[in-house]
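# The following block contains a protein sequence and its predicted model.
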4 protein chains.
Amino acid sequence: MTGYPTSIGTSDESTIHLLGQDLAADLMGQVGFGELAFWLVAMRRPTTSELRVFESVLVALADHGLTPSAIAARLTLTGAPESVQGALAAGLLGGGSRYLGVTEDAGGFLAAALAEHTGGGAELPTSDDGWDDLALAAVRAAQAAGRRVPGLGHPVHKNGDPRTPVLIRIADEEGLRGPHLRLFEAVGRVHPELLGRTLPLNGAGVCGAALCDLGFTPEILRGFALLARTAGLVGHLAEEMRRPLGPAIYQQVDRAAEYEPPPGG
Amino acid sequence: MTGYPTSIGTSDESTIHLLGQDLAADLMGQVGFGELAFWLVAMRRPTTSELRVFESVLVALADHGLTPSAIAARLTLTGAPESVQGALAAGLLGGGSRYLGVTEDAGGFLAAALAEHTGGGAELPTSDDGWDDLALAAVRAAQAAGRRVPGLGHPVHKNGDPRTPVLIRIADEEGLRGPHLRLFEAVGRVHPELLGRTLPLNGAGVCGAALCDLGFTPEILRGFALLARTAGLVGHLAEEMRRPLGPAIYQQVDRAAEYEPPPGG
Amino acid sequence: MTGYPTSIGTSDESTIHLLGQDLAADLMGQVGFGELAFWLVAMRRPTTSELRVFESVLVALADHGLTPSAIAARLTLTGAPESVQGALAAGLLGGGSRYLGVTEDAGGFLAAALAEHTGGGAELPTSDDGWDDLALAAVRAAQAAGRRVPGLGHPVHKNGDPRTPVLIRIADEEGLRGPHLRLFEAVGRVHPELLGRTLPLNGAGVCGAALCDLGFTPEILRGFALLARTAGLVGHLAEEMRRPLGPAIYQQVDRAAEYEPPPGG
Amino acid sequence: MTGYPTSIGTSDESTIHLLGQDLAADLMGQVGFGELAFWLVAMRRPTTSELRVFESVLVALADHGLTPSAIAARLTLTGAPESVQGALAAGLLGGGSRYLGVTEDAGGFLAAALAEHTGGGAELPTSDDGWDDLALAAVRAAQAAGRRVPGLGHPVHKNGDPRTPVLIRIADEEGLRGPHLRLFEAVGRVHPELLGRTLPLNGAGVCGAALCDLGFTPEILRGFALLARTAGLVGHLAEEMRRPLGPAIYQQVDRAAEYEPPPGG
């Protein structure tokens, strides 16, 4: 008989335990939802400072208007109005490498650069110049491998993503402007010389850096970005129920279709 | 040219607006994630009391151990480890009529009973006896139509769901024990006589009642249940990354398969 | 130890069995894909006639242009190009009650009417007049219950869905124009008098009738509609890879967004 | 106004066109479902030989018993029995890099090796020895880059996947044993010396090779694997409706859960 160890939760006839706590007696009414989400992954309760940074990240990533994800969720509700879970799932499925993946990729890029530096026995830098050196090495390595530096550039916010300086300031206020954020900031300073153009540090990237400074591993970062986006998508679906856009979007696309029979068809 | 009105969000080169607020300047670091989730659907900021009840609901529904949803999410990660969004979506897709639907169904049942009562010009009851009369009528109508009364019974918590009294107490403390919760409590008192057995008021049901008392329409309630469950599923996926259960579950099921070729096959 | 009986398939070190057959020796190269799909659900191999009707249904339902499903799949690929399974899943999730559900609903409506008739001991009609009487009773019962008659009407094919007469002809040629199709045809003849307007028998509905005449239960009909649609969606995704529409659709929708901050926001 | 070019399909009041054909007049009853699926991606009708190989691939990949995908689909139906599309989507979402991805990866590996060889102006080999040289170079390059050679090995069929020789024979019979299959066979001959152990050429890999020999690009191969699996999953869902396994699987896993509260929790 195989046993399945889990530290998330369990329940018996009269109690539900979550994370070692009695859900009804110890958590409900006493723990916020963002706090619980942190705890469920970190397996420990966040400090007040950690929670403020963490919720800032979730707020920053919750929505970005009528994105492909939001449109897909609304169109799915048009076809299957009885299945809110299907429309939500459809919206989340667009959260892959090109959109929400940036958070994970930026976190992974920074964590790897730090690991390589300290793995060789080196101390972390203590000055901006030191961070710049480390950033130069990391960006050069990415260039040499033909890889993009994640977290740079934004299709809309070409002169600067408004979320980036605010999240850095909040982390600083809370004493959580750690090595990942500092390295990310240094990437922002050094990349123009190497890449030949100046790109803004984007919001998805700074969120990845901040989550890594909270102690999370890069591979779970996309999970938090998806949690944040779930709130935005539920907002879109509620709006779609009140005032549907799906049928008009479908009609507009369908009418603009230009049928080109395949050659020989 | 069709226009697509939306009140969720928009962005331009230098700002992101969400719900009429400047995301970076007014929301990040100042609004909690649960608060934002409420706001995105209600289109207004919750009061402190509303937020405490709302987050209690999200905490109550976040996880219930190795449910079919959690198992499906973990097995999906086994097959597609590079696609966290796919595993999360698979887990949410089990949030249909039988599990998370109870929240929506209970809310809808209570809202309809209240609408029918007040739609005929009647005032809401002011005493337990009055609520009991209303509950009797609603349960009888469901019986007559051959429909189940949603929110009653639980496969594990046979003698009482621990979340139910706690959520009612929290709502009471916050002055938000409104007509849906009162009617739900009355259903708990009157159903044994009508149904011939005593069933506990379950947690999913009381959450539906509380969300309706916060002013939400029943059709969006499943969306909140899914948001809550997303946090639990991200926790399961993070645990699955640290210590996989999926391959062992697969192996156990596969080994227990008993192949019965179809007749004539 | 629980055992899990299944008649689909099993495998050991040197063989794979499917439906009681040796997959490599008996099925590959000898059984078509549509044939296998029928077999996997019916648990028996179709006759040549059954297969022709069945594949006609799958062909009829495979695609209907840039539908909400196809658009959602393409937009999802835009966000997660590395996850073809996510884009396909997003497309299928729109196959709910409003679109693909018609096939299932029509099959269920016809099967229930036939069951009620024969359950009372009556013989099936042998003339058009007899079928018309049965159809009149079924449509009247739906009207009395305030329910729509599924399979009637089409937003584009207002004067007749071209798939309907062709599928009836094919079933007739194969000796498979059974009671569900005959009743569906009779609904087409009698509904104008009862409903006050003439609606075409739509393709999704006639496919539901034909599948029921092949012996399938209504609850699995949506599964076949989804299988058919999968082929269409794979076609759309392949086209999206060759010549993307997703980014342009996103841009067009996003530009047409009209931001209306919530009152007080 | 943006136009959206598409060659899949279109419809007007009286006709539906698919791939330049009149769906009702030219396709229904005359084209098989597998044939249509080929056509939808290739934008041309397959020859009889191509179709036989193509359907052999779909049959080979349709099912592999109670896989993680099939279990996830069944568990999802347990929670959301009204949403067949959700259960199917959940099953498909497990078709990622670790399972169905092998077909795509093998096709991509072989196509890249061939492209590199012929891109340098070299002719394709005309003897087994020539193919072996090419395979040696490709396997060595993968080794040097620290990458696995896709299509080798199988957790169950350790001494040989029964689908592999059969698909090669069918392709040979149809005159479609092309360069991708020949290179794949050569990989089977040469890898033991390089890798130090003998691994079977697996079914997913040989299917990828055969699909590439049919002219498909590697990036769409996963789409065909998912189409094949859809038929298997519909079979599993139909069986789940007749005789549910989901609740028992859930119960077995839940009972075997061993709750370990987090340290300090």
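Nice, I can see it.

# secondary structure element for the residue in the stretch 101-250 of chain A positioned nearest to chain B?
The stretch 101-250 of chain A approaches chain B most closely through residue A:235 (3.1 Å), counting by CB to the nearest CB. Yep, even glycine has a C-beta here, placed from its N, CA and C like the rest. Here residue A:235, judged by DSSP states H and E, is contained in helix A:221-242.

# Alpha carbons of that helix, as PDB, please.
C-alpha atoms of helix A:221-242 as PDB (Å, rounded to 0.1, in the frame of the first residue of the first chain):
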ATOM      1  CA  LEU A 221       6.500  31.800  -9.800                       C
ATOM      2  CA  ARG A 222       4.100  31.200 -12.700                       C
ATOM      3  CA  GLY A 223       1.700  29.700 -10.200                       C
ATOM      4  CA  PHE A 224       1.500  33.000  -8.400                       C
ATOM      5  CA  ALA A 225       1.100  35.000 -11.600                       C
ATOM      6  CA  LEU A 226      -1.800  32.700 -12.500                       C
ATOM      7  CA  LEU A 227      -3.400  33.200  -9.100                       C
ATOM      8  CA  ALA A 228      -3.200  36.900  -9.500                       C
ATOM      9  CA  ARG A 229      -4.600  36.700 -13.000                       C
ATOM     10  CA  THR A 230      -7.500  34.500 -11.700                       C
ATOM     11  CA  ALA A 231      -8.800  37.500  -9.800                       C
ATOM     12  CA  GLY A 232      -8.700  39.600 -12.900                       C
ATOM     13  CA  LEU A 233     -10.400  36.900 -15.000                       C
ATOM     14  CA  VAL A 234     -13.200  36.500 -12.500                       C
ATOM     15  CA  GLY A 235     -13.700  40.200 -12.800                       C
ATOM     16  CA  HIS A 236     -13.800  39.900 -16.600                       C
ATOM     17  CA  LEU A 237     -16.300  37.000 -16.400                       C
ATOM     18  CA  ALA A 238     -18.500  38.900 -14.000                       C
ATOM     19  CA  GLU A 239     -18.500  41.900 -16.300                       C
ATOM     20  CA  GLU A 240     -19.200  39.500 -19.300                       C
ATOM     21  CA  MET A 241     -22.300  38.300 -17.400                       C
ATOM     22  CA  ARG A 242     -23.500  41.800 -16.800                       C
END
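
# got the angle for it vs helix B:221-242?
Counting by axes from the mean of the first three to the mean of the last three CA atoms, to 10 degrees, helix A:221-242 lies at 170 degrees to helix B:221-242.

# which bits of chain A sit near chain C?
A:1, A:65-69, A:71-72, A:75-76, A:78-83, A:86-87, A:89-90, A:93-101, A:246, A:249-250, A:252-254, A:256-257 (CB under 8 Å from any CB of the partner chain).

# Nearest residue to residue A:183 in space, ignoring adjacent ones along the chain?
Take residue A:183 and drop its neighbours on the chain: the residue closest to it by CB to CB, 6 or more residues apart in numbering or on different chains is residue A:110, 5.2 Å away.

# Do you have the strands of chain A handy? List them.
A:4-6, A:9-11, A:16-18, A:21-22, A:257-259 (DSSP state E).

# Who does the fourth one pair with, and is each partner parallel or antiparallel?
According to DSSP bridges, strand A:21-22 has the following sheet partners: strand A:16-18 (antiparallel).

# Mind listing residues that contact the strand it pairs with?
Applying CB atoms under 8 Å, 6 or more residues apart in numbering or on different chains, the contact partners of strand A:16-18 are A:8-11, A:22-24, A:27, A:36, B:62-64, B:157, B:162-163, D:259, D:261.

# From these, which land in helices?
Secondary structure from DSSP state H places A:36, B:163 of these in helices.

# buried subset of the contacts of strand A:16-18?
A:8-11, A:23-24, A:27, A:36, B:62-64, B:157, B:162-163, D:259, D:261 (16 or more other CB atoms under 10 Å in any protein chain shown).

# What is the nearest of those to residue B:127?
Within the buried ones among the contacts of strand A:16-18, the smallest distance to residue B:127 is 26.2 Å, found for residue B:163 (CB to CB).

# Distance-wise, check the closest one relative to chain A.
Residue B:163 sits 5 Å away from chain A, going by CB to the nearest CB, to the nearest Å.

# residues in contact with the residue lying closest to that residue once chain neighbours are set aside?
Nearest residue to residue B:163, sequence neighbours excluded (CB to CB, 6+ apart): residue B:203, at 3.6 Å. For residue B:203, the contacting residues are B:60-61, B:154, B:157, B:161-164, B:167, by CB under 8 Å, 6+ apart.

# and the stretch 51-200 of chain A, which of its residues are near chain B?
Contact residues, the stretch 51-200 of chain A versus chain B (CB under 8 Å from any CB): A:52, A:55-56, A:58-60, A:62-66, A:70, A:83-86, A:88-90, A:92-96, A:100, A:156-160, A:162-163, A:165-167, A:170, A:173.
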